[in-house]
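Q: Sequence and computational prediction follow.
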Amino acid sequence: MAKPIVIGIAGGSASGKTTVAHALCEAFENGVVLLQQDSYYKHSDLPFEQRKQINYDHPDAFDHDLLVAQLQQLIQRHAIDVPIYDYAEHNRKVQIRHVKPQDVIILEGILVLADPALRDLMDVKLFVDTDADVRVLRRIQRDTQARGRSLNSVIDQYLTTVRPAYLEFIEPTKRFADVIIPEGGQNRVAIDLVRTKIAATLRHRGEIS
């Protein structure tokens, strides 16, 4: 059986990475699995108030070893148990998500292109490049409506950790991308081109007709 195609999608917070990932998932229906780097935030035994102060946009916030190991297992056609992250509690849940291997694996997250071990496992590397003002407005809307955050906390987090981390750690990973997608999920042309390339590769491997 052929090796699955691994697609990495990076970009700043609220850049549209998830929208791009879901658009590709829809294109391949049941033959794709989506992994999100956010699932691999480290478990913390710190009190809640201290967990709130962690810089979640720093590479050290993620359990890279577990992510690499589980991605390798999926590539080897083994099922995995993925952690589930609770944004309101700033910690992992007790529950896990059982994920079966598929022909296409999409890995989405702010820093998936920053780790050489992850990049070496990818066949296609994408970077979603969206203007900072659009990203911050989307983040405010998302975090206040879906993650139970206050407006002041979102703004404070953006200024103290999100923006500095983007400039230091995330934006520089654009140089590793095979394709840069401006404006994320709104760029249907770029998404269609990537989808067509993946479909052609799968046909060449005999995975789809």
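A: That came in fine, so what should we check first? Quick caveat, the model's predicted, so the values are computed rather than measured.
Q: residues of the strand ranked longest in the chain that come out buried?
A: Secondary structure of the chain per DSSP state E: the longest strand is strand 91-99. The neighbour-count criterion (16 or more other C-beta atoms under 10 Å) identifies 91, 92, 99 as the buried residues of strand 91-99. C-beta: built from backbone N, CA, C; applies to glycine.
Q: Redo the residues you listed as JSON lines? Include distance to residue 134.
A: What follows is the buried residues of strand 91-99, written out as JSON lines (distance: C-beta to C-beta, whole Å):
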{"residue": "91", "distance to residue 134": "29"}
{"residue": "92", "distance to residue 134": "30"}
{"residue": "99", "distance to residue 134": "31"}
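Q: quick one: which of these is nearest residue 77?
A: Distance to residue 77, by C-beta to C-beta, is smallest for residue 99 among these, at 12.1 Å.
Q: SS state for residue 20?
A: Using DSSP: H, G, I helix; E, B strand; the rest coil, the structure places residue 20 in helix.
Q: My read is that it contacts residue 9, right?
A: Yes. Counting by C-beta atoms under 8 Å, residue 20 touches residue 9, with 5.7 Å between them.
Q: So between the two, which is more surrounded?
A: Set residue 20 next to residue 9 and count neighbours by other C-beta atoms under 10 Å: residue 9 wins out with 32 against 25.
Q: Where does that one fall, secondary structure wise?
A: Assigned by DSSP states H and E, residue 9 belongs to strand 5-11.
Q: what do you get for residue 127?
A: Taking DSSP H and E as the criterion, residue 127 maps to strand 124-129.
Q: List the strands paired with that strand, with their directions.
A: Sheet pairing of strand 124-129 (DSSP bridges) gives strand 5-11 (parallel), strand 179-182 (parallel).
Q: Show me what stretch 134-143 is in contact with.
A: The contact list for stretch 134-143 (C-beta atoms under 8 Å, 6 or more residues apart in numbering) reads 12, 13, 14, 15, 149, 151, 153, 154, 155, 158, 162, 183.
Q: An error on my part: the question was meant for stretch 177-188.
A: 10-11, 15-17, 19-20, 22-23, 113, 124-130, 134, 174, 190-191, 193-194.
Q: who's the closest residue to residue 126 other than its chain neighbours bridged to?
A: Excluding its sequence neighbours, the residue lying closest to residue 126 (C-beta to C-beta, 6 or more residues apart in numbering) is residue 9, at 4.7 Å. Applying DSSP bridges to residue 9 yields these beta-bridge partners: residue 108, residue 126.
Q: so residue 9 touches residue 110, yeah?
A: No. If you go by C-beta under 8 Å, residue 9 and residue 110 don't touch, sitting 10.1 Å apart.
Q: any shared contact partners between these two?
A: Contacts common to residue 9 and residue 110, judged by C-beta under 8 Å, 6+ apart, are residue 17.
Q: hmm, back to that, spit out the residues that contact residue 20 and residue 9 alike.
A: 108, 126, 128.
Q: Please report how far the second one lies from residue 157.
A: It refers to residue 126. Using C-beta to C-beta, to the nearest Å, residue 126 is found at 26 Å from residue 157.
Q: Give me the longest helix you can find in this structure.
A: When the chain is parsed with DSSP state H, its longest helix is helix 188-205.
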